[in-house]
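In: Everything below, folded, please.
(2 chains)
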Amino acid sequence: QKEVEQDPGPLSVPEGAIVSLNCTYSNSAFQYFMWYRQYSRKGPELLMYTYSSGNKEDGRFTAQVDKSSKYISLFIRDSQPSDSATYLCATDNYGQNFVFGPGTRLSVLP
Amino acid sequence: NAGVMQNPRHLVRRRGQEARLRCSPMKGHSHVYWYRQLPEEGLKFMVYLQKENIIDESGMPKERFSAEFPKEGPSILRIQQVVRGDSAAYFCASSPGAMNTEAFFGQGTRLTVV
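Out: Take a look at the predicted model:
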């Protein structure tokens, strides 16, 4: 079983839709959970992070962690074509490095 | 304040040659991490370094790969006798302390082995 699993997509939605991106992880010791956005042929950029369980909101983005089910989510409201990218979830590995999911490719169609 | 700088952005090597990838961390950052990304796959951890020390190399292949972060100058990821399977995007990230939410990634070096 991979440590972090993520549906690779691709996921296509119309502009203005609410997007839900999800990951599951296997190690209950993970504490930090991050979402990165990666545009084609660019480096990953940090969108949001959460510590332990709960929700965190930043503008159109909401990150959610449910440690009981080892499930993390990213919601994007009022999606825009500029949101088209690959979204990578990641968890910490005892503070030494991050374990990434394979990424979900999102296309927001105008 | 410049971000994490990686060079070259693109590197083409013939099988059997050596590849050297450089990473200059953000100013004030003394921790560097290297990741490899294969097509359609996520980022895989390779090595974590602080100045002059390798902290964790559990993700590095046992042969042909090495990394350093000298007291002066950029961090170097070296791949000797490259093979086609080494073709990938190599990213480095830097942080001011042990990897945390303040880690920033560079734009990557895309290595193609022909």
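In: how close does the residue nearest the centre of chain B sit to B:K44?
Out: In chain B, the residue lying closest to the centroid (C-alpha atoms, centre = their mean) is B:W34, at 3.7 Å. Noted for B:W34: a distance of 10 Å to B:K44, by C-beta to C-beta, to the nearest Å. (C-beta placed from N, C-alpha, C; glycine too.)
In: Would you agree the residue nearest to the centre of chain B is in contact with B:C92?
Out: Yes: the criterion here is C-beta atoms under 8 Å, and B:W34 meets it with B:C92 at 5.1 Å.
In: Quick check: neighbours shared by the two?
Out: Common neighbours of B:W34 and B:C92, counting by C-beta atoms under 8 Å, 6 or more residues apart in numbering or on different chains, are B:23, B:75, B:77.
In: quick one: is the helix or strand of chain A with the lowest mean pLDDT near chain B?
Out: Here the helix or strand of chain A ranked lowest by mean pLDDT, DSSP states H and E is strand A:97-100, holding a mean of 84. Yes: using C-beta under 8 Å from any C-beta of the partner chain, strand A:97-100 reaches chain B at A:97-100.
In: Could you tell me which strands the longest strand along chain A is paired with, and in which direction each runs?
Out: The longest strand of chain A (DSSP state E) is strand A:85-93. Within its sheet, strand A:85-93 is paired with strand A:32-38 (antiparallel), strand A:97-100 (antiparallel), strand A:104-109 (antiparallel), according to DSSP bridges.
In: Not counting its own residues, what contacts it?
Out: When contacts are defined by C-beta under 8 Å, 6+ apart, strand A:85-93 is touched by residues A:3-4, A:6, A:21, A:23, A:25, A:27, A:30-40, A:44, A:47, A:72, A:74, A:98-106, B:42-43, B:45, B:99-100.
In: sorry, back to before: which among the shared contacts of B:W34 and B:C92 are in contact with chain A?
Out: When C-beta under 8 Å from any C-beta is applied, no member of the shared contacts of B:W34 and B:C92 is adjacent to chain A.
In: If we only consider those, which is nearest to B:R13?
Out: Ranked by distance to B:R13 (C-beta to C-beta), those are led by B:L77 at 13.1 Å.
In: Show the contacting residues for residue 28.
Out: In the absence of a named chain, chain A is used. A:67, A:70.
In: my bad, the chain I had in mind was chain B
Out: B:P96.
In: Then it would be within a strand, right?
Out: No: per DSSP: H, G, I helix; E, B strand; the rest coil, B:G28 lies outside any strand segment and is coil.
In: any weak-confidence spans in chain A?
Out: Chain A contains residues with pLDDT under 70 at A:1, A:94-96.
In: got the residue ranges for the strands in chain A?
Out: A:4-6, A:11-14, A:19-25, A:32-38, A:45-51, A:54-58, A:61-66, A:71-76, A:85-93, A:97-100, A:104-109.
In: and if you look at chain B?
Out: Applying DSSP E to chain B gives strands spanning B:5-7, B:10-13, B:19-24, B:31-37, B:43-50, B:53-56, B:65-68, B:75-79, B:88-95, B:104-105, B:109-113.
In: Kindly report the residues of chain A close to chain B.
Out: Contact residues (C-beta under 8 Å from any C-beta) of chain A with chain B: A:4, A:6, A:8, A:32, A:34, A:36, A:41-46, A:49, A:88, A:90, A:92-93, A:95-103.
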